[in-house]
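Colleague: Kindly generate the corresponding structure for this input.
(chains A and B)
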Amino acid sequence: DTGVSQDPRHKITKRGQNVTFRCDPISEHNRLYWYRQTLGQGPEFLTYFQNEAQLEKSRLLSDRFSAERPKGSFSTLEIQRTEQGDSAMYLCASSLGTRNEQYFGPGTRLTVT
Amino acid sequence: DQQVKQNSPSLSVQEGRISILNCDYTNSMFDYFLWYKKYPAEGPTFLISISSIKDKNEDGRFTVFLNKSAKHLSLHIVPSQPGDSAVYFCAASVYNTDKLIFGTGTRLQVFP
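Modeller: Sure thing, here's the model as predicted:
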């Protein structure tokens, strides 16, 4: 198993454009998480799934953000009408069941110009 | 409102000595705590965890201590090695959710 993978690793976009990121979790993991990290801060929770069901979404997440996990395997995170404040590292993690350690991917670094 | 706090932004330790990283929390509903290590350009790597029913958990060179009354946990690394140089995050979750709340991290530098 190669661990959690994320694509792309880097994305530069202009303000107002839409972007989509992909995460492939560890194959047997049924829980998948999205976090965002900015410079000097720890990762901040965005949302998480159990199989294809989205169980929780951060209140800080604006309606420009949407995440899906259509078949309970890979997940996508879309940001519509990007703003400069969206520039951050977007991290995906997966775990086997609840109350188990989450394994993180390498992240997608988004820069909005 | 920072529920998980790492008040030391950096720590420098000589190789072979003990490294002690500290973390304080404010939410008494937290019942599961984890430590992660992060190298530049990589995602966080899980190190060790502890449930609130325990006060200590050990894994090789890493030991985590939990003091619930003080709402404090610490990570001990013995002996410290240059490869341990990284940013360390503590994280916590409330009993009915897997959402992790992270601290701001402590940069550990282990010098020869």
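Colleague: So the host helix or strand of residue B:87, near chain A or not?
Modeller: Using DSSP states H and E, residue B:87 maps to strand B:86-94. Yes. Residues of strand B:86-94 contacting chain A under C-beta under 8 Å from any C-beta of the partner chain: B:89, B:91, B:93. Placement of C-beta: from N, CA and C, glycine included.
Colleague: who touches the residue nearest to residue A:54 when sequence neighbours are not counted in this structure?
Modeller: Using C-beta to C-beta, 6 or more residues apart in numbering or on different chains and skipping the chain neighbours, the partner closest in space to residue A:54 is residue A:47 (6.2 Å). Residue A:47 sits next to A:33, A:34, A:54, A:56, A:57, A:58, A:61, A:67 when contact means C-beta atoms under 8 Å, 6 or more residues apart in numbering or on different chains.
Colleague: mind redoing it with 6 Å?
Modeller: By C-beta atoms under 6 Å, 6 or more residues apart in numbering or on different chains, residue A:47 lies in contact with A:34, A:57, A:67.
Colleague: just to revisit the earlier point, let me have the residues of strand B:86-94 next to chain A in CSV, extended by neighbour count and pLDDT.
Modeller: Formatted as CSV, the residues of strand B:86-94 next to chain A follow (neighbours: other C-beta atoms under 10 Å in any protein chain shown; pLDDT from 0 to 100):
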residue, neighbour count, pLDDT
B:89, 26, 98
B:91, 26, 97
B:93, 22, 93
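Colleague: for those residues, which one is nearest chain A?
Modeller: residue B:89 (5.0 Å; C-beta to the nearest C-beta).
Colleague: The closest one contacts residue B:34, correct?
Modeller: No. Residue B:89 is beyond contact range of residue B:34, at 8.6 Å (criterion: C-beta atoms under 6 Å).
Colleague: Give me the neighbour count for residue B:36.
Modeller: Applying other C-beta atoms under 10 Å in any protein chain shown, we find 27 residues neighbouring residue B:36.
Colleague: Please name the residues that touch the residue lying closest to it once chain neighbours are set aside.
Modeller: Leaving aside its sequence neighbours, residue B:36 sits nearest to residue B:44 (C-beta to C-beta, 6+ apart; 3.8 Å). Counting by C-beta under 6 Å, 6+ apart, residue B:44 makes contact with A:104, B:36, B:38.
Colleague: near chain B, which residues of chain A show up?
Modeller: Contact residues, chain A versus chain B (C-beta under 6 Å from any C-beta of the partner chain): A:41, A:42, A:43, A:45, A:91, A:98, A:99, A:101, A:104, A:105, A:106, A:107.
Colleague: What confidence value was assigned to the fifth one?
Modeller: This means residue A:91. Reading off the confidence values, residue A:91 has pLDDT 98.
Colleague: My understanding was that it contacts residue A:106; is that so?
Modeller: No. At 8.4 Å, residue A:91 does not count as touching residue A:106 under the criterion of C-beta under 6 Å.
Colleague: Against residue B:1, how distant is residue A:62?
Modeller: The spacing between residue A:62 and residue B:1, counted by C-beta to C-beta, to the nearest Å, is 19 Å.
Colleague: Now the residue nearest to residue B:49 when sequence neighbours are not counted. Its backbone dihedrals?
Modeller: Spatial nearest neighbour of residue B:49, chain neighbours left out: residue B:34 (4.4 Å); criterion: C-beta to C-beta, 6+ apart. Per-residue torsions, residue B:34: phi -140, psi 160 (degrees, to the nearest 10).
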